[in-house]
Structure formats: structure tokens, C-alpha cells
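Asks: here is a sequence with its predicted model. Questions after.
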Amino acid sequence: MKKSLLIAEDEEITLSLLRKVFLRPDLLLFEARNGTEAIQIIDQHPIDVVLTDIKMPGADGLAVLAHARKTLPTAEVILMTGYATVESAVQAMKMGAFHYVTKPFDVEEVIHLVDRVLELTTVKKENVQLKSQARDRYGLQNIIGVSEPTLQVLRLVKKVADTDSTILILGESGTGKELIARAIHYLSPRAERMLVPINCSAIPADLLESELFGHVKGAFTGAHVSRTGRFEMAHNGTIFLDEIGEMSPHLQAKLLRVLQEKSFIPVGGTRTVQVDARVIAATNKDLDEEVKEGRFRADLYFRLNVIPVRIPPLRERIEDIPLLASHFIERFNREKARAIEGIRPESFDIFQKYRWPGNIRELENVIERIVVLKGTGWIEPGDIPEKMRRGASSQGVAAPILGDSGLDIKSATEDFENRLIVQAMSLAKGNKNRAAALLGLKRTTFVEMLKRKNLVFPDTSNT
């Protein structure tokens with residue numbers, strides 16, 4: 001399918017030049033000689049890119065920009081301006097313009113800029129179809145847990161999501177760092193723009209720079225065409241730099257400049273690209289230690305560590321295990337066409353004593369394996385891998401320790417009650433009548449207890 005370009009320009013000489021340049025088979029070209037015509041075309045056609053002058057009769061370029069941002073969320077706008085109206089161009093950037101060029105401009109520069117933006121809009125259109133699904137999938141309501149460490153993380157996410165502050169997510173592998181990053185993005189004012197993830201440990205160091213910042217044609221062997229980098233794709237959105245601790249010193253220095261100056265030069269290029277992207281980084285490494293050992297730049301660490309969000313390992317949030325396990329059982333029953341009914345209390349006991357070095361990802365994999373192989377019935381201790389049974393038995397029973405500083409018996413009792421409630425609701429498959437009976441309580445007493453503790457569960461009871 002052809003991409004569409006709207007050129008809005010009142011000077012006939014400039015319009016004729018741009019028409020000649022962009023009249024090509026892969027483009028549907030639209031022309032407007034004033035802002036009012038441009039707005040009408042935007043209302044009538046699915047424009048991908050708008051190239052507009054700022055000073056025009058009728059509605060000006062800023063009005064065209066505002067209308068395009070409102071009407072065509074996947075479109076991008078490039079402003080053309082004389083030197084006398086550079087301030088207006090800066091204002092346009094704040095309003096969401098992709099870029100601006102000053103007259104008289106280099107034709108090759110404009111061609112390169114439009115082609116880059118056309119490439120970006122293709123990616124954006126693909127992402128728009130997934131946005132509503134992504135919001136549902138990655139909202140806070142899908143981060144499962146009732147433990148205090150989990151609730152602390154969720155409270156912090158709610159506080160920071162609506163800001164543009166840089167976030168550093170810390171946690172072991174498998175704890176759900178990317179899920180938290182996505183929740184922050186989709187709760188932020190940038191949710192309508194792109195979230196661009198990149199795993200810094202999954203791409204060879206010599207290719208990562210090009211992935212992050214793009215490259216121009218001929219920049220290196222095999223660079224047959226120019227390519228837009230992830231930072232530019234994330235303009236006005238969010239970039240998620242996973243495993244940031246694996247980044248090479250050279251790229252650490254370049255990333256620091258991007259954070260400081262909000263601009264970069266693509267590999268092999270000479271023109272500076274301005275970018276406004278919120279940065280969320282994540283690592284399973286101890287960056288304090290990495291800085292001390294000289295493997296990570298201290299100045300970059302301080303730039304990234306504006307708001308640290310620590311994701312607790314699963315062994316520190318064992319109250320969440322029954323809920324997580326039940327969630328995975330339900331999901332894999334549906335995906336694998338199985339009929340596992342639930343987990344026996346003795347099996348839960350093993351799960352809660354095990355150390356879970358692989359965290360939630362390990363729990364997910366174990367549940368999938370058991371669901372697929374067992375197929376029906378309840379998960380018994382014998383269904384759990386022997387390694388886990390041995391690891392759980394070596395841990396003994398977890399119990400509060402009364403040290404010299406004492407113990408808050410109310411908190412310990414509250415924690416114990418919460419664990420029993422979660423187990424009861426899991427065994428009862430969400431039926432509050434059944435869960436209350438398992439705990440020897442009346443349903444009304446049980447419901448009041450849930451309200452007092454601020455514990456929320458889906459209720460499958462008929463009453």
C-alpha cells in the first residue's frame with residue numbers, strides 16, 4: 001500500500017520543487033496552498049506525513065500541526081520555516097512536531113527526513129492495532145500480588161507514571177521488570193505514542209549503536225539503506241533499555257550525551273537528530289558495584305537512577321505465589337486445552353518454601369510443564385519436580401525471628417492471615433462462600449475481613 005504525503009506551501013516555487021522531488025510511484029502526493037486547504041485534506045484522507053510551511057495564508061502551520069495531532073494520531077508533521085520564525089518552530093516541537101527545517105533548505109536533507117518519517121509511521125501503524133490490547137495486558141490490574149513488597153511497587157509506579165522522570169528498574173532475572181516498564185508507559189501521558197523496547201544484552205556490541213541511533217546509507221559494510229534507530233522511533237514516547245548493565249563503555253558515553261542533550265548523530269551521519277523520549281532502564285546487576293569496579297560510568301548511573309524501582313524476588317513475596325500459580329494454571333488450561341483443577345495445600349507448602357532462583361519466570365515454566373504433562377486433576381506434591389521438593393525441604397518452615405530489636409506481632413499476625421486467605425481463595429477457585437468455609441468463617445465475616453485488609457479477588461460465588 002502506498003504511503004501518503006501532504007505538502008502545504010503557499011510559495012509556488014518551493015511547492016513546485018517539492019512536487020518534483022516527491023512525485024514518485026511509492027507515494028500518494030497531496031498539495032495545499034494554505035493552512036485551511038491542508039486541514040480539509042487531513043479531514044478527507046489518511047495522511048501519513050505532513051510537510052508544511054509555518055507562515056501561510058489562513059490557518060498557519062501550527063494550526064495544521066494541532067489539527068493533524070488531533071485527527072491523525074499516527075501521522076507525523078515536519079515544519080518548514082524561515083530564520084525569522086525559528087521560535088515558532090521550537091514551539092511546534094513542543095506541540096508534537098517531528099522536526100523542522102529552515103529555508104532555504106537542502107533538498108537531500110528534506111528527502112532523507114521525509115523517508116525516515118515515512119518508515120517511522122509504518123511502524124507506528126502496526127503498533128496502533130496493538131495499543132488497546134497492550135493497555136489491557138500491561139495495566140496495573142494485571143500485575144498480580146497482594147504482598148506488601150508488591151503493593152509498595154505498585155504504589156510507586158502510580159506516583160511516577162505521569163511524570164517524564166527517568167526510571168531505573170532493578171531486580172533479578174524473571175521478576176517482571178519489563179511488565180513494570182510497560183505499565184509505567186501505558187499509565188503515562190505518552191501512552192498514545194510508542195513504547196520501544198530493546199535488550200542491550202541480546203544484540204552484539206558492534207551492532208547495538210546502530211540499533212539505538214540508526215545509521216545512514218554506506219555507514220558500514222552492509223548498510224545499503226539508511227535506517228531509523230530505536231531512539232528516533234521512540235520520539236515523544238518511551239524507550240525501554242533492558243539489561244542496561246551490559247552496555248559497552250563507548251555506548252554508555254553516547255547514551256549519556258543523549259540524556260543530557262536530547263540529541264544524537266546516527267552512525268555515519270553528520271546531521272544531529274533531536275529526540276524527546278522518556279527513558280526507562282532496567283538491570284539485574286548491582287550498578288553500585290559495577291561503578292566501583294569501573295565497568296559502568298558513574299555519571300550515567302546518576303543520570304539513570306533518578307527514580308529507582310526495585311522489584312522484589314519471588315522469595316520475598318511468597319504471599320503472591322498462590323495467586324500467581326492459580327493465574328498460570330488458568331492461562332495454560334486455556335492455551336493448552338487442559339483441565340487442572342488447582343493445587344493441593346501440600347503442594348503450595350512446597351512452592352512457598354522453595355527459593356525460586358528463576359523467580360516468576362521459573363514458576364510460570366513449572367506450572368506450564370505440570371499442566372501439560374498432568375492434564376487433569378489437582379497438582380499433587382509428586383507432580384512437582386524433585387529438585388524443587390528437595391530445595392523446599394532443605395529450607396524448613398519459614399518463621400518470624402524475634403531478635404534484639406523485637407518483633408511487631410500485629411504485622412506478623414496480619415501477614416500470616418493474608419497468606420491463609422490467599423490460599424483459601426485459590427483452593428476455592430475464587431468462590432468466597434467456599435473460601436470462608438475453608439477458614440471456618442461466615443461469609444459476611446470473611447467479606448468484611450477482605451475489605452478491612454484491602455484485599456481484592458474476583459468472586460465466582462453466585463451470591
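Replies: Now that the structure is in, tell me what you want to look at.
Asks: which helix or which strand is home to Ile78?
Replies: strand 76-81 (DSSP states H and E).
Asks: pLDDT below threshold where in the stretch 51-200 of the chain?
Replies: Along the stretch 51-200 of the chain, the model assigns pLDDT under 70 to residues 83-86, 89, 122-142.
Asks: just the strands in it please.
Replies: 76-81, 99-102, 167-170, 195-199 (DSSP state E, counting those that start in this stretch).
Asks: and for the stretch 251-400 of the chain?
Replies: 263-264, 273-274, 278-283, 307-310, 339-343, 376-379.
Asks: now do the longest one: which elements does it pack against?
Replies: Counting contacts by 3 or more CB pairs under 8 Å, 6 or more residues apart in numbering; DSSP states H and E, strand 278-283 is packed against strand 167-170, helix 177-186, strand 238-242. For every residue, glycine as well, the C-beta is placed using N, CA and C.
Asks: sorry, back to before: now the strands of the stretch 51-200 of the chain in CSV, please, with extra columns for mean neighbour count and distance to Trp378.
Replies: Converted to CSV, the strands of the stretch 51-200 of the chain look like this (neighbours: other CB atoms under 10 Å; distance: least, CB to CB, whole Å):
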stretch, mean neighbour count, distance to Trp378
strand 76-81, 25, 55
strand 99-102, 18, 60
strand 167-170, 23, 36
strand 195-199, 20, 38
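Asks: want to try CSV for the ones you listed, with distance to Gly229 as columns?
Replies: Compiled in CSV, those are given as follows (distance: least, CB to CB, whole Å):
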stretch, distance to Gly229
strand 76-81, 16
strand 99-102, 15
strand 167-170, 21
strand 195-199, 9
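Asks: which of the ones you listed sits closest to Lys254?
Replies: Lys254 lies closest to strand 195-199 among those, at 14.1 Å (CB to CB).
Asks: other residues contacting the closest one?
Replies: Strand 195-199 is contacted from outside by 134, 178, 181-182, 185-186, 211-212, 230-231, 233-234, 237-243, 277, using CB atoms under 8 Å, 6 or more residues apart in numbering.
Asks: Ala92: which of the strands of the stretch 51-200 of the chain is closest?
Replies: The closest of the strands of the stretch 51-200 of the chain to Ala92 is strand 76-81. By CB to CB, the value is 4.9 Å.
Asks: helices or strands up against that closest one?
Replies: strand 49-53, helix 61-71, helix 86-95, strand 99-102, helix 107-138.
Asks: listing partners with orientation, what would you give for that strand?
Replies: Using DSSP bridges, the strands paired with strand 76-81 are strand 49-53 (parallel), strand 99-102 (parallel).
Asks: looking at those strands, which is closest to Asn431?
Replies: Proximity to Asn431 (CB to CB) singles out strand 49-53 among those, at 54.9 Å.
Asks: dump that closest one to PDB, keeping only the CA atoms.
Replies: What follows is strand 49-53, C-alpha atoms only, in PDB (Å, rounded to 0.1, in the frame of the first residue of the first chain):
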ATOM      1  CA  VAL A  49       3.300  12.600   6.800                       C
ATOM      2  CA  VAL A  50       2.600  16.400   6.600                       C
ATOM      3  CA  LEU A  51       5.300  18.700   5.300                       C
ATOM      4  CA  THR A  52       4.000  22.200   6.000                       C
ATOM      5  CA  ASP A  53       5.300  25.800   6.000                       C
END
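Asks: quick one: that strand to helix 86-95, angle?
Replies: Put simply, strand 49-53 runs at 160 degrees to helix 86-95, going by axes from the mean of the first three to the mean of the last three CA atoms, to 10 degrees.
Asks: which residues touch strand 49-53?
Replies: Strand 49-53 is contacted by residues 3-11, 14, 18, 32, 35, 38, 42, 61, 64-65, 68, 75-81, 110, 114, 117-118, 121 when judged by CB under 8 Å, 6+ apart.
Asks: using a markdown table, please lay out the strands of the stretch 251-400 of the chain together with mean pLDDT.
Replies: Output for the strands of the stretch 251-400 of the chain, formatted as a markdown table (pLDDT from 0 to 100):
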| stretch | mean pLDDT |
| --- | --- |
| strand 263-264 | 92 |
| strand 273-274 | 90 |
| strand 278-283 | 97 |
| strand 307-310 | 96 |
| strand 339-343 | 91 |
| strand 376-379 | 94 |
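Asks: how about those in a markdown table, adding mean neighbour count and distance to Gln423?
Replies: Listed next are the strands of the stretch 251-400 of the chain as a markdown table, based on neighbours: other CB under 10 Å; distance: least, CB to CB, whole Å:
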| stretch | mean neighbour count | distance to Gln423 |
| --- | --- | --- |
| strand 263-264 | 18 | 52 |
| strand 273-274 | 18 | 54 |
| strand 278-283 | 25 | 31 |
| strand 307-310 | 16 | 26 |
| strand 339-343 | 18 | 9 |
| strand 376-379 | 15 | 13 |
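Asks: how about CSV for the ones you listed, with distance to Lys103 added?
Replies: As requested, the strands of the stretch 251-400 of the chain are exported to CSV (distance: least, CB to CB, whole Å):
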stretch, distance to Lys103
strand 263-264, 21
strand 273-274, 18
strand 278-283, 32
strand 307-310, 42
strand 339-343, 68
strand 376-379, 70
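Asks: show me what Tyr100 bridges to in the sheet.
Replies: Going by DSSP bridges, Tyr100 is paired in beta bridges with Leu79.
Asks: give the buried residues for stretch 218-237.
Replies: For stretch 218-237, a neighbour-count test (16 or more other CB atoms under 10 Å) marks 219, 226-237 as buried.
Asks: again, but for stretch 153-161
Replies: So for stretch 153-161, counting by 16+ other CB under 10 Å, buried means 153, 156-157, 160-161.
Asks: contact partners of it?
Replies: Around stretch 153-161, the neighbours that count as contacts under CB under 8 Å, 6+ apart are 140, 143, 145, 167, 180, 183-184, 187-188, 307, 309-312.
Asks: got the CA positions of it in PDB?
Replies: The C-alpha coordinates for stretch 153-161 follow below in PDB (Å, rounded to 0.1, in the frame of the first residue of the first chain):
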ATOM      1  CA  VAL A 153       6.000  -1.300  43.900                       C
ATOM      2  CA  LEU A 154       2.500  -0.600  42.600                       C
ATOM      3  CA  ARG A 155       2.100   2.500  44.700                       C
ATOM      4  CA  LEU A 156       5.400   3.800  43.500                       C
ATOM      5  CA  VAL A 157       4.500   3.100  39.800                       C
ATOM      6  CA  LYS A 158       1.300   5.100  40.200                       C
ATOM      7  CA  LYS A 159       3.300   8.100  41.600                       C
ATOM      8  CA  VAL A 160       5.900   8.200  38.900                       C
ATOM      9  CA  ALA A 161       4.000   7.100  35.800                       C
END
